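Enquirer: Take a look and give me a structure for this.
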Amino acid sequence: MVNCTPMPHSNRASSYSYVALYQVTITICLQRRSSLVEKLRMMRELLPAADLCHAAVGPRRKAMRPCIKLLYPLVCLQEQRRSSLEEKLRVMQASRDELQTYATQQSGLVGDLQGRNSQLTIDNDALRRRLADLQQVT
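Expert: Numbers count the residues shown, from 1 in each chain. This is a model prediction of the structure:
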């Protein structure tokens, strides 16, 4: 991967500007390709088939270079966004796993405390009955 210069993508305005740049780039590329096709059509009428094939390769390469140069920053931006979103997804999955483990531990603790509370309630009731019995005897 070729080193891409980072491009801001934090606000919608910059996203829209990249979309607009993309549309302009595509329009320019299509215009260049249509002019190339028109030139080739004219050449076809003038040149034999072997010469036509040879003549078509050079202009096509030249026409594609500016398109690639214009689209490259957009591809870099998309790659940066993809890798950023993948990293966020990994972080969120790890956080979710930690929270699930913590919730499981907490629910086990709640179950233990409820069981202890029930036992202490039973012991408390038994002590009250015994106290009541002792108060009646005296």
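Enquirer: Kindly state the pLDDT recorded for the residue nearest the centre of the chain?
Expert: Nearest to the mean C-alpha position of the chain, counting by CA atoms, centre = their mean, stands L85 at 2.8 Å. Predicted confidence (pLDDT) at L85: the value is 93.
Enquirer: Also A50?
Expert: A50 is given a pLDDT of 57.
Enquirer: where do the strands sit along the protein?
Expert: Applying DSSP state E to the chain gives no strands.
Enquirer: In it, what residue spans correspond to helices?
Expert: 12-46, 49-137 (DSSP state H).
Enquirer: lowest-confidence stretch among those helices?
Expert: helix 12-46 (a mean of 77).
Enquirer: quick one: the residue nearest to the centre of the chain from V91, how far?
Expert: Relative to V91, L85 is positioned 11 Å away (CB to CB, to the nearest Å). Every residue, glycine included, has its C-beta placed from N, CA and C.
Enquirer: ditto for Q100
Expert: For Q100, the distance to V91 - CB to CB - is 15 Å.
Enquirer: cool, A103 as well?
Expert: 19 Å.
Enquirer: Show the contacting residues for the residue nearest to the centre of the chain.
Expert: Residues in contact with L85 (CB atoms under 8 Å, 6 or more residues apart in numbering): none are found.
Enquirer: what about L113, neighbour count?
Expert: 10 (other CB atoms under 10 Å).
Enquirer: I26 too?
Expert: 13.
Enquirer: Report the contact partners of it.
Expert: Per CB under 8 Å, 6+ apart, neighbours of I26: none.
Enquirer: How much space separates the residue nearest to the centre of the chain from M92?
Expert: Where M92 is concerned, L85 sits at a distance of 10 Å (CB to CB).
Enquirer: now R128
Expert: 52 Å.
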